[in-house]
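Q: Just the structure for this:
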Amino acid sequence: MADKQRTINQPVTLKGKGLHTGADVEVSILPAEVNTGIVFQRTDLEGQPKIEAIADHVIDTSRGTTIATKNVKVHTIEHMMAALYGMGIDNAIVQVNGPEMPIMDGSSRYFVEAIEKVGTVEQGAERNYLIIKEKMVYTDEKNNIEIIIYPDDKFSIDVMVDYNSRVLGHQYAKMNSIDEFKEQISPCRTFVFFHELEVLLKHNLIKGGDLENAIVIMEHEVPQEELDRIADLFNKPHIKVKPEGILNNLDLHFDNEPARHKLLDMIGDFALVGARIKGKIIAMRPGHKANTDFAQILRKHYKQERLKPTPPVYDPTKPPVKDINEIMKTLPHRPPFLLIDKIIYLDGTTVVGVKNVTMNEAFFVGHFPGEPVMPGVLQVEAMAQTGGILVLNTVPDPENYLTYFLKIDQVRFKRKVVPGDTIIFKCFLNEPIRRGIANMTGQAFVGDQLVMEGLLMAQITKVKE
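A: Model (predicted):
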């Protein structure tokens, strides 16, 4: 059975403080249609602008991951992104009434609990996957960072962190499957070294910082009066250092919680690829910049792979999704201008249709005598009719709608189509349908050979009564 996309079952809202601004923030996770992906929406700004959560939109990684389009930004999205990915959500609108996500306790735990409370729902389209087929490597020699991804049939991560810290030492974390995320990774909080705290405060970088939303690591002995002064800056009770070099304001969930949090950050940053990943990641000293740089490389690779023509599997012994009579209930076309014989696959984003080309086609009389060739324009029309089935499948009463093609672009013919050929047409949405406009990629195959391809834009219009 195909692995389907998922969205949150119903809206859910959380409140907290933004780490950088210290402002009270309200964030809501809303259901979204198939192939929407994760989209952040600034409800506090005029027009409530949206930002697609993809690696292409990352503009800053200094103290978290920030995405932006034009002058609209959302800071510190990685913990939310990790929660959505870890809980299996492919499509969601994340509304926020400020410039950043609430820091909560410095982990993904509260986002995960909110999602779990309302649940998720399966949608009617296949999941988008980036399937790693060969080893890929990212290196930053200056900072001694290396991230490698290997082919695998699932998503897993191994992380090693080393900050030349006598307290942390060399730490390792491992996630064998995304199924481990909720219990083993999501509660792991961010960490900070004690000597960074006052610098960050002076530069107004952690106005919403709290000694309870980060693990504070003590590298060197600090006088108790200095600890008391820092506690006063955060308006917290006076604190002491544990023997292992961590402030006594909280207990670790795991001995290697800092490394597990780095793994959590990687999940959130790699979610910006915009597709589920099938591959094994091994990372040494990862950080947001390295993560998102590599995510950009992987996203580019994913887009290239997605556009590679892959012939659909056609088994003529299986009953079609729509036979010719059902097709005529959806499309207004009739013989001799109905150019699709059956639909063998249909979901919310993809359709596959079949055209059996025989010598009985009327156009072969004149195209060409002694050298019968199916006209390219009719191949395009047949592909457009296939796409029309996909587009009209999105409305509850397709018999009351028509699809008008506004643009057909980048059409390429690879070989002749002749009597006896069976053409398999595959059309898929390049983005969600908006305001009745559908943008699709269309491909035509004979056997395993691509014979024609192109881009189509169509508009759904209701038939006048």
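
Q: In the protein, where's the longest helix?
A: Longest helix in the chain by number of residues (criterion: DSSP state H): helix 288-307.

Q: how many neighbours does residue 318 have?
A: When neighbours are counted by other C-beta atoms under 10 Å, residue 318 registers 9. (C-beta placed from N, C-alpha, C; glycine too.)

Q: What of residue 170?
A: 11.

Q: do residue 370 as well
A: 4.

Q: which outside residues touch the longest helix of the chain?
A: Residues from elsewhere that reach helix 288-307, judged by C-beta atoms under 8 Å, 6 or more residues apart in numbering: 54-56, 58, 61, 64-65, 78, 128, 130-131, 136, 138, 140, 143, 145, 147, 149, 265-266, 269-270, 272-275, 277, 441.

Q: same thing with stretch 50-70?
A: Contacting residues not belonging to stretch 50-70 are listed as 19-20, 37-42, 49, 72-78, 81, 93-94, 200, 205-206, 268-269, 271-274, 287-289, 291-292, 295-296, 298-299 [C-beta under 8 Å, 6+ apart].

Q: Show me which residues of the longest helix of the chain are buried.
A: Across helix 288-307, burial judged by 16 or more other C-beta atoms under 10 Å covers 288-299, 302.

Q: try stretch 150-165
A: Neighbour counts over stretch 150-165 (16+ other C-beta under 10 Å) mark 155-161, 163 as buried.

Q: contact partners of it?
A: For stretch 150-165, the external contacting residues (C-beta under 8 Å, 6+ apart) are 131-135, 168-178, 193, 217, 219, 258-259, 262-263, 266-267, 276-286.

Q: Give me the subset of these that lies in strands.
A: In strands, defined here by DSSP state E, the members of the contacts of stretch 150-165 are 131, 170-175, 193, 217, 276-284.

Q: Okay, now the unreliable bits of this protein?
A: Within the chain, the segments meeting pLDDT under 70 span 1-2, 167, 194-213, 219-223, 226-227, 229-250, 464-465.

Q: okay, which residue is most central for it?
A: Nearest residue to the geometric centre of the chain (C-alpha atoms, centre = their mean): residue 274, 2.6 Å.

Q: Could you tell me the angle between the longest helix of the chain and strand 276-284?
A: Here the directions of helix 288-307 and strand 276-284 differ by 150 degrees (axes from the mean of the first three to the mean of the last three C-alpha atoms, to 10 degrees).

Q: okay, helix 288-307 in CSV with CA atoms only?
A: The C-alpha trace of helix 288-307 is given here as CSV (Å, rounded to 0.1, in the frame of the first residue of the first chain):
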residue,chain,number,x,y,z
HIS,A,288,22.5,25.0,11.7
LYS,A,289,24.6,26.5,8.9
ALA,A,290,26.1,23.1,7.8
ASN,A,291,22.7,21.4,8.1
THR,A,292,20.8,24.0,6.0
ASP,A,293,23.6,24.3,3.4
PHE,A,294,23.5,20.5,2.9
ALA,A,295,19.7,20.6,2.9
GLN,A,296,19.8,23.1,0.0
ILE,A,297,22.1,20.7,-1.9
LEU,A,298,19.7,17.8,-1.2
ARG,A,299,16.6,19.9,-2.1
LYS,A,300,18.2,20.8,-5.5
HIS,A,301,19.0,17.1,-6.0
TYR,A,302,15.4,16.2,-5.0
LYS,A,303,13.9,18.6,-7.5
GLN,A,304,16.1,17.2,-10.3
GLU,A,305,15.2,13.6,-9.4
ARG,A,306,11.5,14.5,-9.3
LEU,A,307,11.5,15.8,-12.8
